[in-house]
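# Got a predicted structure here, sequence first:
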Amino acid sequence: MNQTQKEKFHELLEDFETAVLITHGGEAHFRSRPMAIADVDEHCNLWFISSRDSAKVHEIERDTRVQVVCQNGWTSCVCVAGKASLNVDHSKIQDLWKTSYKVWFPDGVNDPNIVLIHVVGEFGEYWDNTGMNRFTYLYQAIKAVVTGTTPNVREGEQHGQVSLAD
């Protein structure tokens, strides 16, 4: 069975532990910050744990449109554009809780300041130079330098755009 672009996107997305969450800060500017990814579900939606009184939470309250970017050097990159919502479901917080979050929430999983950010993706894009794609890209890059052209990127394999809306 051939892997669909959405399956490929999901597989790449699951390899990341951190992401840059980009929100609308008002006055036509954006705010970006690194975040630990708490979970990636089967629909490529993302979950983050945050503090209720953080700027990103207040920005999401004003404008739910967000972007999430993950990059691993030249190896792979994924971008998700979608809508964020805030969730305080304690059972979901318990499901996603990791001991490492105690750095930000000293009272642990029961910290009353915890809020979940749930990003529902609408559109995704990826660049994949993992596995055999890495060798293909290196060959194409060397060929481009030698011939004075640009690399030939295989759409659907090395690069793809994915509708995430179900």
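On my side now, so go ahead.
# in the chain, which helix or strand is least confident?
helix 131-147 (a mean of 56; mean pLDDT, DSSP states H and E).
# next helix or strand past that helix?
strand 159-163 (DSSP states H and E).
# helices and strands around that following strand, which ones?
Counting contacts by 3 or more CB pairs under 8 Å, 6 or more residues apart in numbering; DSSP states H and E, strand 159-163 packs against helix 5-14, strand 114-128. (C-beta placed from N, C-alpha, C; glycine too.)
# any idea which of those scores lowest on pLDDT?
Among the helices and strands packed on strand 159-163, helix 5-14 carries the lowest mean pLDDT, a mean of 91.
# how close does the residue at minimal distance from the centre of the chain sit to T99?
The structure's the chain has its C-alpha centroid closest to V68; by CA atoms, centre = their mean the separation is 4.3 Å. Shown here: V68 relative to T99, a distance of 24 Å by CB to CB, to the nearest Å.
# so V68 makes contact with V20?
Yes - applying CB atoms under 8 Å, one finds V68 in contact with V20, separated by 7.0 Å.
# avg pLDDT for the helix or strand that contains H58?
Per DSSP H and E, H58 falls inside helix 55-62. Averaging pLDDT along helix 55-62 gives 96.
# Hey, what's the angle from the next helix or strand after it to helix 5-14? Just curious.
Sequence-wise, the next helix or strand downstream of helix 55-62 (DSSP H and E) is strand 65-72. Per axes from the mean of the first three to the mean of the last three CA atoms, to 10 degrees, the angle that strand 65-72 makes with helix 5-14 is 70 degrees.
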